[in-house]
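J.: structure, please.
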Amino acid sequence: MATPFQVTFDAHDPEAQARFWSSTLGYVLQPPPDGFDTWEGFAIAVGIPEDARGDLSAAVEPDGVGPRLFFQRVPEAKVVKNRVHLDVHITSAGMSDEARRARIEAEVDRLVSLGAARVEDFAGATGIWTVMRDPEGNEFCVE
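T.: Coordinates of the predicted model:
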């Protein structure tokens, strides 16, 4: 059964954001509808104006289990901290703090190579995590 919700992001470059989050989460870009080889072909067929064809993009979990991530172009810039953010879980129960930190560091390095930025590292009673920003400045955590 498909997840009954999606997470929607406002973006300046929806396709770039969809690619970043696909790589981050092991998702894939959503394929075009049945009967179309490309989204461009679909857009032409349904009459989407050429200047609006890059306004939307989506990333989906390959097995259809996780929520769809939908990216829509907006003109305004992000100006404040997110009120909601994603947590990328890469550690597991029973790992030592040293092993957790090593795994987080490796993932942070990988995400920086994809265009993310490291913001701050935390360690406390609730765990170990790193706050990051995606290529458009949206905060998320790696834990």
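
J.: contacts, neighbours, all on C-alpha from now
T.: OK.

J.: which residues touch the longest helix seen in the chain?
T.: Longest helix in the chain, counting residues (DSSP state H): helix 97-113. The set of residues external to helix 97-113 that reach it, using Cα atoms under 8 Å, 6 or more residues apart in numbering, is 24, 90-91, 117-118, 128-130, 142-143.

J.: now with 7 Å?
T.: The contact list for helix 97-113 (Cα atoms under 7 Å, 6 or more residues apart in numbering) reads 24, 91, 142-143.

J.: out of these, who's nearest His12?
T.: Thr24 (18.6 Å; Cα to Cα).

J.: what's the distance between the residue nearest to the closest one when sequence neighbours are not counted and Glu136?
T.: Of all residues not flanking Thr24 in the chain, Leu111 sits nearest, at 6.8 Å (Cα to Cα, 6 or more residues apart in numbering). Relative to Glu136, Leu111 is positioned 13 Å away (Cα to Cα, to the nearest Å).

J.: picking that back up, can you redo the contacts of helix 97-113 as CSV with pLDDT?
T.: Converted to CSV, the contacts of helix 97-113 look like this (pLDDT from 0 to 100):
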residue, pLDDT
Thr24, 98
Thr91, 94
Val142, 98
Glu143, 96
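
J.: ok, now which ones touch Trp39?
T.: Trp39 sits in contact with Pro32, where contact means Cα under 7 Å, 6+ apart.
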